[in-house]
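Asks: From the sequence below, what's the structure:
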Amino acid sequence: MAGHSKWAQIKHKKAQTDARKGKSFTKLVKEISVSARLGGGDPEGNPRLRTAIEKAKELNMPSDNIKRAIMKGIGELPGVTYEETTYEGYGPGGAAIIIEILTDNKNRTLPEIRHILSKNGGSLGETGCVAWNFEKKGYILIDKKKIDEDTLMSIVLDAGADDLKNDPYEDKFEVLTTPDNFIKAKNALESASIELSLSEITMIPKTYVKLEGTQAEQMMRLMDALEEHDDVQNVYSNFDVDS
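Replies: So this is what the prediction gives:
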């Protein structure tokens, strides 16, 4: 029997090409700059910046790139000012989509996102049309071969995690935390020398829409097209497909 793969795990399973890595660098530089502008350049007092820096280090971004991004954010170096906005909409089969944007020109970005959606069987919705179905959570994936469930349960619950999920059809444990407890849980796992397959703050759906066949293929093309757009930082959806 096939398991079901949700978008966060699908993204993890997809191989990253060098081009995608370069695009990830560009998007992380934006995120670091905006985080520094909004919350200050000290990662110890700015959880969003600290998370962005950790993600950049995981992708082996040079320290100089990180430093310059922070300096641009706090105004010590000239740089582009990016605005944050979030679009909501629907994909094939009525799957909910949330698109987080960092752009220097909303008038350019909005019609481009609308075009990507309509071209791939989706549509743009009103603000709030699908956000009710998502919760912001810390999300950590751990290979089941790396640790047993009881040991992992003990570590993550002591570190303030909300839940540990063990889908019998998946090869990873899923650890869920509040955004505030994400760093604490991540640090506790790393201190125990447990290798993390994925760690991020994300939007977790409360309910899922199962897609099959043509709709599933179309949804994957839509998500790829959105993630390829330079102004799209993150895309979240509640679709589920057979793996």
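Asks: got the buried residues for stretch 147-155?
Replies: I147, L152, M153, I155 (16 or more other Cβ atoms under 10 Å). Heads up, the C-betas are built off the backbone N, CA and C, glycines and all.
Asks: Let me have those residues in CSV, adding pLDDT and distance to E54 as columns.
Replies: Shown next, in CSV, are these (pLDDT from 0 to 100; distance: Cβ to Cβ, whole Å):
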residue, pLDDT, distance to E54
I147, 91, 21
L152, 93, 21
M153, 92, 24
I155, 93, 19
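Asks: Quick check: next helix or strand after the lengthiest helix in the chain?
Replies: Identified as the longest helix of the chain according to DSSP state H is helix 18-39. Next in sequence after helix 18-39, counting helices and strands by DSSP states H and E, comes helix 47-58.
Asks: Quick check: mean pLDDT of that next one?
Replies: Average pLDDT, helix 47-58: 89.
Asks: going forward can the numbers begin at 32, since that is how I track them
Replies: Okay, using 32 as the starting number, the last item reads as helix 78-89.
Asks: who's in contact with it?
Replies: 56, 59, 62-63, 66-67, 69-75, 96-97, 101, 210-211, 213-214, 231-232 (Cβ atoms under 8 Å, 6 or more residues apart in numbering).
Asks: Buried members of the residues you listed into ChimeraX, please.
Replies: Command for ChimeraX that selects the buried part of those, burial taken from 16+ other Cβ under 10 Å:
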select :56,59,62,63,66,67,70,72,74,97,101,213,214,231,232
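Asks: quick revisit: so can I have CSV of the buried residues of stretch 178-186 showing secondary structure?
Replies: Output for those, formatted as CSV (DSSP: H, G, I helix; E, B strand; the rest coil):
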residue, secondary structure
I178, coil
L183, helix
M184, helix
I186, helix
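Asks: And these, which two are furthest apart?
Replies: Based on Cβ to Cβ, the longest span within the buried residues of stretch 178-186 runs between I178 and M184 and measures 9.8 Å.
Asks: just to revisit the earlier point, please identify the one among the buried residues of stretch 178-186 that lies nearest to V266.
Replies: Using Cβ to Cβ, these come closest to V266 at L183, 28.5 Å.
Asks: which residues touch the closest residue to E180 other than its chain neighbours?
Replies: Once flanking residues are discounted, E180 sits nearest to N197: 5.8 Å by Cβ to Cβ, 6 or more residues apart in numbering. Taking Cβ under 8 Å, 6+ apart, we find N197 in contact with K175, E180, F204, E205.
Asks: what about L220, which SS state?
Replies: Strictly by three-state DSSP, L220 counts as helix.
Asks: typo on my end, I235
Replies: Under the three-state scheme (three-state DSSP), I235 adopts strand.
Asks: could you check the distance from it over to E115?
Replies: With the distance defined as Cβ to Cβ, to the nearest Å, I235 ends up 20 Å from E115.
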